[in-house]
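Engineer: Sequence and predicted structure are below.
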Amino acid sequence: MSSQRHLLGIRGLSRAEVVSILDQAEVFFEVSRRPVRKVPTLRGKGVINLFFEASTRTRTSFELAGKRLSADVVNISTSTSSVTKGETLLDTVKTLEAMQPDVIVIRHSSSGAPHYVSERVGCSIVNAGDGAHEHPTQALLDAFTIRRAKGTLDKLVVTICGDVLHSRVARSNALLLSLFGCEVRFVGPRTLLPRDVGGYDVKVFDRLEPALEGADVVMVLRIQRERLDGALLPSLREYSKTFGIGPRTLAYAKKDAIVMHPGPMNRGVEIDPSVADGERSSVLDQVEAGVAVRMAVLYQLAGEGGDAHGAAAS
Amino acid sequence: MSEERVLFEHEAIGRTLRRLALEIVDATRGTERLALVGIRRGGVPLAGRLAALIAETEGKSVPVGTLEIALYRDDAATAPPDPKIGPSHIDFPVSGRDVVLVDDVLQTGRTVRAAIDGLLDYGRPRRIWLAVLFDRGGRELPVAADFVGRAVELAPGEKLLVELEGESDRAIVRSKS
């Protein structure tokens, strides 16, 4: 392990560390609502967004977060096809590292890619989503959104609905919420639920209604159309009928339950438009929280990066 | 081991605050354009107290805000991140106002420089003033306060702690012995 600090996953973070990031995100949330949405804090620092997977909202969010902190931000998108694995990824990162960034934000389709890279470079690495493994900033922004809506994160009932098996969002959220004593429930078609939920403190349901009973938060996951090809789902229409969140099914949750979705949404499939646009929807709050949470993460990592670079050079 | 001595007690600080409040209203010619902004964290209770005193004597309340300056520090990019930062809160337009920045202790002037930068991101005040409860000297930037509660002389190693939030106000000098 290098002395460099990274954000590779929620696993390994303590409750106090999560709270510290969320508290600092409140500061940056206020910055984003000012007439001048920029602070000079990371002037002269460099952030590289290295995305091997398509992404609009996460990349834009990290880009704005860096820019609002006055860091120099460079975006690199590489299609998965041009990258094989192992050495090529490391070569790319080593090349970028030679340009002296303080933080590299990585999204990659292979689980563990940011972790692999972090052990071989001298700058901070942020995981912006790796395969079906983790997406820590998504879980942090979800926690920030929930804490703002509910006033607390402690002991809530959170139902995560959909393709849990392939979801790094579900995984990171389950890890984070369990730090706060939440009851996390997974619900979806059996083919899309993890067979082994050992290591998580979650309850698994294969019917929507009991899973929603008494929920404070309903997190809806995106159904990826490629799952149809793998025969994990019979049809989108059937999925929508059985597991779609609409006004009828939402009635099983608490009256003040909020509905979240990490995006992009398939309207009419996993979520009914009336719910997506309804007053209980937190979807756009999540997007706004994303910039604030990522500012807090960059603030914590890039500030330390300056010292480590100095130490390495001497 | 550190030693503590009380520099000012409740009554003395109360008199100083009343005088500061009067001086501020006098200089800004009333409360019409006046606003107070406390610099986190020591200036926040002080700004609240001054605003209450002004409301008492003038019969009008003035807007009060708080400003976090950690993000504007001149060593922000190289210092370790500050775990104690909190949100700024300025919910009134500062443009065209006489904004008084309020802090408990003025020493190097670096905090004030950062606060001026931070305040300007909220708009363009007519004038920015500076009020401090204690000026202990030791400037490292060309900064002067418009309103000074007390000038105090302390040795470089001594720390001045101001307590305005508890039961009774105190200013304490802590020195290593």
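Structural biologist: Structure received. These figures come from a predicted structure and were not determined experimentally.
Engineer: Name the nearest residue to the residue most central in space within chain B, ignoring sequence neighbours.
Structural biologist: Nearest to the centroid of the C-alpha atoms of chain B, with distances taken as C-alpha atoms, centre = their mean, sits B:D103, at 1.2 Å. Counting by C-beta to C-beta, 6 or more residues apart in numbering or on different chains, B:G43 is the residue found nearest to B:D103 once chain neighbours are left out, at 4.0 Å. The way it works is simple: take the backbone N, C-alpha and C, and place the C-beta from them, glycine included.
Engineer: since we're on that neighbour, how many residues are nearby?
Structural biologist: By the criterion of other C-beta atoms under 10 Å in any protein chain shown, B:G43 has 28 neighbours.
Engineer: Can you list the buried residues in the worst-scoring helix or strand of chain A on mean pLDDT?
Structural biologist: Taking mean pLDDT, DSSP states H and E as the measure, chain A has helix A:226-229 as its least confident helix or strand, at a mean of 70. Within helix A:226-229, the residues scored as buried using 16 or more other C-beta atoms under 10 Å in any protein chain shown are A:R227.
Engineer: With stretch A:267-277 instead?
Structural biologist: Using 16+ other C-beta under 10 Å as the test for burial, stretch A:267-277 gives A:269-272, A:275-276.
Engineer: quick one on the thing from earlier: contacting residues for the residue nearest to B:D103?
Structural biologist: With C-beta atoms under 8 Å, 6 or more residues apart in numbering or on different chains as the criterion, the residues that contact B:G43 are B:37, B:66, B:101-104.
Engineer: measure the residue nearest to B:H10 when sequence neighbours are not counted to B:V6 for me?
Structural biologist: Nearest in space to B:H10, with sequence neighbours left out and distances taken as C-beta to C-beta, 6+ apart, is B:S168 at 4.3 Å. Taking C-beta to C-beta, to the nearest Å as the measure, B:S168 falls 11 Å from B:V6.
Engineer: Likewise for A:D102?
Structural biologist: According to C-beta to C-beta, A:D102 and B:V6 sit 45 Å apart.
Engineer: Looking only at neighbour counts, state which of those two leads.
Structural biologist: Counted by other C-beta under 10 Å, A:D102 and B:V6 do not tie: A:D102 has more neighbours, with 26 against 9.
Engineer: Could you measure from the more buried one over to A:V121?
Structural biologist: Taking C-beta to C-beta as the measure, A:D102 falls 11 Å from A:V121.
Engineer: Kindly report the same for A:T152.
Structural biologist: Here A:T152 is placed at a distance of 38 Å from A:V121 (C-beta to C-beta).
Engineer: Which one's more surrounded, those two?
Structural biologist: Neighbour count, other C-beta under 10 Å: between A:T152 and A:V121, A:V121 has more, with 18 against 10.
Engineer: A helix includes that one, no?
Structural biologist: No - using DSSP: H, G, I helix; E, B strand; the rest coil, the assignment for A:V121 is coil, not a helix.
Engineer: Which residue, other than its chain neighbours, is closest to it?
Structural biologist: Spatial nearest neighbour of A:V121, chain neighbours left out: A:E97 (5.0 Å); criterion: C-beta to C-beta, 6+ apart.
Engineer: Tell me how many other residues surround A:D163.
Structural biologist: Residues near A:D163, counting by other C-beta under 10 Å, number 24.
Engineer: Next, it: secondary structure please.
Structural biologist: Reducing the assignment to helix, strand or coil with three-state DSSP, the entry for A:D163 is coil.
Engineer: contacting residues around the residue nearest to it when sequence neighbours are not counted?
Structural biologist: Nearest non-adjacent residue to A:D163, counting by C-beta to C-beta, 6+ apart: A:L192, 4.5 Å away. The neighbourhood of A:L192, defined by C-beta under 8 Å, 6+ apart, consists of A:162-166, A:227, A:232-233.
Engineer: Can you tell me which of these has the most neighbours?
Structural biologist: Looking at the contacts of A:L192 with neighbours defined as other C-beta under 10 Å, the largest count falls to A:G162 at 29 neighbours.
Engineer: Check the gap between that one and A:D206 for me.
Structural biologist: A:G162 sits 13 Å away from A:D206, taking C-beta to C-beta as the criterion.
Engineer: Ends of stretch A:32-47, what's the gap?
Structural biologist: Stretch A:32-47 has its terminal residues 19 Å apart, counting by C-alpha to C-alpha, to the nearest Å.
Engineer: Quick check: mean pLDDT of it?
Structural biologist: Looking at stretch A:32-47 alone, the average pLDDT works out to 94.
Engineer: Check the burial of the residue lying closest to A:V202 once chain neighbours are set aside by counting its neighbours.
Structural biologist: Residue nearest to A:V202 in three dimensions, not counting chain neighbours: A:V184, with 4.5 Å by C-beta to C-beta, 6+ apart. Burial of A:V184 is recorded as 24 neighbouring residues (other C-beta under 10 Å).
Engineer: For chain B, see how far away A:V184 is.
Structural biologist: 28 Å (C-beta to the nearest C-beta, to the nearest Å).
Engineer: show me the contacts for B:R97.
Structural biologist: By C-beta under 8 Å, 6+ apart, the contact set of B:R97 is B:33-35, B:125-126.
Engineer: Give the ChimeraX command for selecting the buried subset of those.
Structural biologist: Applied in ChimeraX, the following selects the buried portion of these according to 16+ other C-beta under 10 Å:
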select /B:34,35,125
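Engineer: got CSV for the contacts of B:R97, with distance to A:K67 too?
Structural biologist: Written out in CSV, the entries for those read as follows (distance: C-beta to C-beta, whole Å):
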residue, distance to A:K67
B:R33, 34
B:L34, 35
B:A35, 30
B:P125, 26
B:R126, 30
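Engineer: now, which of the contacts of B:R97 sits nearest chain A?
Structural biologist: Here the nearest of the contacts of B:R97 to chain A, counting by C-beta to the nearest C-beta, is B:P125; it sits at 12.8 Å.
Engineer: dump the residue contacts of the closest one.
Structural biologist: With contacts defined as C-beta under 8 Å, 6+ apart, B:P125 is in contact with B:94-99, B:119.
Engineer: May I see the PyMOL selection of the buried members of these?
Structural biologist: Isolation of the buried members of those (16+ other C-beta under 10 Å) is achieved in PyMOL through the command below:
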select buried, chain B and resi 94+97+98+99+119
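Engineer: Now secondary structure and pLDDT too, for the contacts of B:P125, in JSON lines please.
Structural biologist: Conversion of these to JSON lines gives the following (DSSP: H, G, I helix; E, B strand; the rest coil; pLDDT from 0 to 100):
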{"residue": "B:V94", "secondary structure": "coil", "pLDDT": "96"}
{"residue": "B:S95", "secondary structure": "coil", "pLDDT": "95"}
{"residue": "B:G96", "secondary structure": "coil", "pLDDT": "95"}
{"residue": "B:R97", "secondary structure": "coil", "pLDDT": "96"}
{"residue": "B:D98", "secondary structure": "strand", "pLDDT": "97"}
{"residue": "B:V99", "secondary structure": "strand", "pLDDT": "98"}
{"residue": "B:L119", "secondary structure": "helix", "pLDDT": "97"}
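Engineer: Which members of the contacts of B:P125 are the farthest-apart pair?
Structural biologist: When the contacts of B:P125 are compared pair by pair using C-beta to C-beta, the farthest-apart members prove to be B:G96 and B:L119, with a separation of 13.4 Å.
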